[in-house]
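> Task: produce atomic coordinates for the following.
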Amino acid sequence: MSLSDSFTLPDFSVSDNDDVDSLPSTSTESFDSDEDDYDAQREWEQSLEQLQLLLTMILIPFAGKYFGRKFAYWSWARYMEWSHNVEISWTSKKSFKAMGAIEAAATL
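Numbering: from 1, shown residues only. Next up, the predicted model:
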C-alpha cells in the first residue's frame, strides 16, 4: 500500500434513477403560486403603508390639535379659578366640543 492509495476515494456506484428520484418535481403551478403570493404580499405592504400615512398625516395631527385645545381650555379655566377666583362654565358642552373639532380641522 503506497501513500497515494490511502488518499483515493472508493468508487460508489450510483444508479441514474436514484439521482432523478431525489430531485424535487417542479410544475408551472408552483411558479404561478409564488407570483400570486408575491403580488398579495406587495399589495398588503402597500395597504399598510397607506394606513401608516393616514395615521401620521391626518389622524394623529387632528387628534393632537383637538386634545391639545381641550387641555389648554381646561388648564386655563383651572388657572383662572385658582388664581383669580373666577368661575368658568361652558354654556353648552356639545357646541364647545363641536367648535373644538371644527377649529382643529380648519387649519389641516
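> From now on I want contacts and neighbour counts done on CA atoms only, so please keep to that.
Noted.
> What is the burial count for residue 77?
By the criterion of other Cα atoms under 10 Å, residue 77 has 16 neighbours.
> helices or strands up against the helix of greatest length in the chain?
As assigned by DSSP state H, the longest helix anywhere in the chain is helix 28-54. Packing contacts for helix 28-54, counted by 3 or more Cα pairs under 8 Å, 6 or more residues apart in numbering; DSSP states H and E, involve no helix or strand.
> For the next helix or strand along the chain from that helix, what does the pLDDT average out to?
Next in sequence after helix 28-54, counting helices and strands by DSSP states H and E, comes helix 60-84. For helix 60-84, mean pLDDT rounds to 92.
> Need the residues that contact helix 60-84.
86-88, 100-101, 104-105, 108 (Cα atoms under 8 Å, 6 or more residues apart in numbering).
> Please name every helix or strand in contact with the very next helix or strand once past it.
Going down the chain from helix 60-84, the next helix or strand is helix 93-106, by DSSP H and E. For helix 93-106, the packing partners by 3+ Cα pairs under 8 Å, 6+ apart come out as helix 60-84.
> Okay, angle between the helix it packs on and helix 28-54 too, please.
Taking axes from the mean of the first three to the mean of the last three Cα atoms, to 10 degrees, one finds that helix 60-84 is oriented at 30 degrees with respect to helix 28-54.
> now the angle between helix 93-106 and helix 60-84, please.
130 degrees.
> Just the buried residues of helix 60-84, please?
Within helix 60-84, the residues scored as buried using 16 or more other Cα atoms under 10 Å are 62, 65-66, 69-70, 77-78.
> okay, those residues in JSON lines with distance to residue 36 next?
Formatted as JSON lines, the buried residues of helix 60-84 follow (distance: Cα to Cα, whole Å):
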{"residue": "62", "distance to residue 36": "38"}
{"residue": "65", "distance to residue 36": "43"}
{"residue": "66", "distance to residue 36": "43"}
{"residue": "69", "distance to residue 36": "48"}
{"residue": "70", "distance to residue 36": "49"}
{"residue": "77", "distance to residue 36": "59"}
{"residue": "78", "distance to residue 36": "60"}
